[in-house]
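**Student:** Below: sequence and its predicted model.
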Amino acid sequence: MQAAQLDPLVYGRYILLNKVAVGGMAEVFRAKSFGAEGFEKLIAIKRLYPHLTENPSFVQMFINEAKLAATLNHVNTVPIYDFGLQDELYFIAMEYVRGCDLAALLYRCREYQQHIPLGLAVWVLIEICNGLDYAHRKHDDMGHFLNLVHRDITPQNILISYEGEVKITDFGIARVQVLGRDDTTGGVLKGKFAYMSPEQVRGDRMDHRSDIFSLGVVAWELLTCQKMFDGPNDYVILEKVREALFTPLRHINPSLPPDLDHILMKALTRYPEDRYASVAEMRLDLLRFLSRSHLFPSRAHLSAFIRKLFEDVFERDSAAIMEETKIAREVHAKQLAVGRPLHTPTPPTTKPPLSPDGSRSQSVEVFAGATPFSQPPSHLHPFRASPPPLQIHARLEHDEPTLPDVQAVAEDAPPLKDPLPMRPQKTEPSQKHTEETPSASTWTASPALLEMQEDEELFAGTAISQKQHAPLWIGLGTFATGLLLLFLLAQWFLPSSPTQVAARIPQPPSSTQQPTLRPIVSPPPKGRVIIRSVPWAYIFFQGKLIDHTQIPFEKELPAGNYTIQLQYQVPKKQADATTRQYQISVEAGKTNTYRFQFP
């Protein structure tokens with residue numbers, strides 16, 4: 001990209017470099033932010049369209065998106081750095097994810113007639129589940145549950161970086177209970193029709209399971225590189241979404257493992273109560289599938305795949321970012337030259353003021369790891385701590401190191417109230433002890449000296465002190481305990497007579513003794529059952545969804561009788577009118593085929 005094609009714009013504290021995306025109510029720019037000491041960062045600026053600033057509903061939606069995104073901090077969501085109003089236009093400063101969105105990835109795969117590797121596709125789904133599960137469980141700073149529903153999980157809002165990171169963005173129409181944003185207007189659909197849930201199209205009350213259905217649609221397209229709900233107009237698409245009518249996944253990709261097909265079909269059920277209870281459960285099933293399939297993808301594998309698929313775009317973007325960075329630095333230098341920096345200058349550092357007379361008599365110089373010498377050490381009184389100094393000065397580089405005058409400090413220190421009783425110094429035998437309290441000069445404040453005096457008086461006149469006896473007694477006790485343990489072990493293991501020794505020698509088995517044979521339990525006989533239905537239906541056994549009949553259900557089961565329920569996917573029917581219960585039998589060694597039809 002040539003420098004003449006660039007038209008950088010100073011936008012508050014940022015420099016807008018190039019427009020990289022446009023959306024329904026905002027446009028996204030690649031921008032640069034600058035700070036002190038040469039700090040700079042590449043970011044994205046999302047700015048509201050000028051013609052929408054006169055619409056209070058769009059302005060409030062944009063503000064709510066900024067407030068909500070500010071509470072999210074997860075590796076799989078796009079964080080925001082700033083929100084403000086500049087030139088009468090609201091903007092959001094957020095992380096610039098250098099890569100592509102999932103829609104561009106699917107388009108490039110269709111263009112090159114290439115499928116995404118199965119392991120990488122499941123890895124992307126797991127990363128989306130991580131970010132979505134975090135958003136669904138989020139609480140605000142006051143501890144209130146947000147009850148967040150994204151409502152716009154689409155390939156356009158899933159970003160994949162060249163480093164293999166997967167991030168969810170655009171919480172513009174998310175529903176949050178605490179923020180008072182449960183504001184779905186009757187008759188108004190927010191979001192892209194092809195990625196809505198059936199209850200969202202019907203206008204029913206939604207919860208986090210609506211996002212699970214949308215995630216299932218994204219997964220369907222990720223594994224097939226085709227559109228799941230498509231039609232000539234929006235009305236046809238909405239009718240298909242309302243009734244959850246789509247082509248079975250394995251009809252398009254027969255090589256897809258049945259376990260993965262079962263996971264997607266459970267996420268794409270028509271009614272929320274039949275789906276996963278949470279995104280965490282779906283993520284757990286996907287992780288189990290990777291483990292059973294011996295697939296071990298990683299972020300590095302996804303990065304290599306994206307870089308190879310978008311090799312030309314990566315090189316073009318790298319050259320453009322280098323050129324834009326050079327121009328942004330020039331613009332920043334001009335702003336500094338005219339005295340209008342883009343960042344707030346750092347205030348100069350000043351030296352702390354001295355006392356009024358210019359001395360440091362009321363101050364204490366503090367060094368790393370040292371304590372102020374304003375009073376005697378606090379260990380002389382266990383319940384009294386030394387008060388902080390009146391003023392603290394940091395020593396400058398040109399100051400010479402000084403040591404405190406301990407004698408002067410001790411003389412100026414105020415006496416302690418109710419000090420601990422001190423031990424007087426020893427006097428000569430010729431001197432007489434008086435009942436008067438000894439003067440302060442006869443007392444010592446050294447803990448080491450107190451301990452030495454205690455040792456001398458307690459153990460004076462004894463040849464060996466109690467402390468010296470302790471290791472001896474410990475050693476004797478350990479030795480006696482060892483002898484006792486050896487005696488007990490000898491009594492337990494050593495035989496007392498030759499008969500016992502002979503009894504303990506293993507004898508060869510006698511010829512008359514017959515070996516004991518354990519009966520071999522044969523597995524129960526099994527048979528095969530095939531279930532077909534018109535129209536296709538979900539199969540439930542004991543209240544749990546086990547499979548569907550979009551492809552004839554075929555499974556080997558133990559012989560016996562079973563009760564199943566089929567929930568037919570019939571348009572414009574109620575849930576209680578589409579479920580039927582049937583009895584089937586499985587005969588050992590035979591294949592039984594059942595065909596059911598909804599009346």
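**Tutor:** Great, that's in hand. No experiment lies behind these values; they were computed from the predicted model shown. Numbers count the residues shown, from 1 in each chain.

**Student:** List the buried residues in the strand or helix carrying residue 322.
**Tutor:** Taking DSSP states H and E as the criterion, the element that holds residue 322 is helix 311-337. When neighbours are counted by 16 or more other C-beta atoms under 10 Å, the buried residues of helix 311-337 are found to be 313-314, 317, 320-321, 323-324, 327-328, 331-332, 335. In this view, the C-beta of every residue, glycine as well, is placed from N, C-alpha and C.

**Student:** Format those residues as a markdown table; extra columns: distance to residue 230 and pLDDT.
**Tutor:** Supplementary listing: the buried residues of helix 311-337 in a markdown table, determined by distance: C-beta to C-beta, whole Å; pLDDT from 0 to 100:
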| residue | distance to residue 230 | pLDDT |
| --- | --- | --- |
| 313 | 26 | 94 |
| 314 | 30 | 94 |
| 317 | 31 | 92 |
| 320 | 34 | 91 |
| 321 | 36 | 91 |
| 323 | 40 | 91 |
| 324 | 38 | 90 |
| 327 | 43 | 89 |
| 328 | 42 | 89 |
| 331 | 46 | 87 |
| 332 | 48 | 85 |
| 335 | 50 | 83 |
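
**Student:** Show me the domain layout of the protein.
**Tutor:** Structural domains annotated on the chain: 3-96+314-335, 99-309, 526-597, as defined by automatic domain parsing.

**Student:** Ends of the second one, what's the gap?
**Tutor:** Pointing back at domain 99-309 there. Taking C-alpha to C-alpha, to the nearest Å, the first and last residues of domain 99-309 lie 11 Å apart.

**Student:** Over to stretch 157-170?
**Tutor:** From the first residue to the last, stretch 157-170 extends over 6 Å; the measure is C-alpha to C-alpha.

**Student:** contacts for it?
**Tutor:** With contacts defined as C-beta atoms under 8 Å, 6 or more residues apart in numbering, stretch 157-170 is touched by 23, 65, 75-78, 94-95, 97-102, 105, 124, 127-128, 131-132, 135, 150, 152-153, 156, 218, 298-303, 306-307, 310, 314.

**Student:** do that again at 6 Å, thanks
**Tutor:** Counting by C-beta atoms under 6 Å, 6 or more residues apart in numbering, the neighbours of stretch 157-170 from elsewhere in the structure are 76-78, 97-102, 124, 127, 131, 299, 302-303, 306-307.

**Student:** Distance check, residue 232 against residue 240.
**Tutor:** For residue 232, the distance to residue 240 under the criterion C-beta to C-beta, to the nearest Å works out to 12 Å.

**Student:** repeat for residue 127
**Tutor:** Per C-beta to C-beta, residue 127 is found 28 Å from residue 240.

**Student:** who does the helix or strand that contains residue 64 touch, helix- and strand-wise?
**Tutor:** According to DSSP H and E, residue 64 maps onto helix 56-71. In terms of contact count using 3 or more C-beta pairs under 6 Å, 6 or more residues apart in numbering; DSSP states H and E, helix 56-71 is assigned the packing partners strand 80-86.

**Student:** Okay, angle between the strand it packs on and helix 56-71 too, please.
**Tutor:** Between strand 80-86 and helix 56-71, the angle comes out at 150 degrees (axes from the mean of the first three to the mean of the last three C-alpha atoms, to 10 degrees).

**Student:** May I have the strands that pair with strand 80-86, each with its orientation?
**Tutor:** Its sheet considered, strand 80-86 pairs with strand 89-95 (antiparallel) by DSSP bridges.

**Student:** got the CA positions of the partner strand in PDB?
**Tutor:** Output for strand 89-95, consisting of C-alpha atoms alone and laid out as PDB, is shown next (Å, rounded to 0.1, in the frame of the first residue of the first chain):
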ATOM      1  CA  LEU A  89     -19.400  10.600  17.900                       C
ATOM      2  CA  TYR A  90     -19.200   7.800  20.400                       C
ATOM      3  CA  PHE A  91     -16.400   5.400  20.000                       C
ATOM      4  CA  ILE A  92     -15.000   2.200  21.600                       C
ATOM      5  CA  ALA A  93     -11.300   1.500  21.700                       C
ATOM      6  CA  MET A  94     -10.700  -2.300  21.700                       C
ATOM      7  CA  GLU A  95      -8.100  -4.900  21.000                       C
END
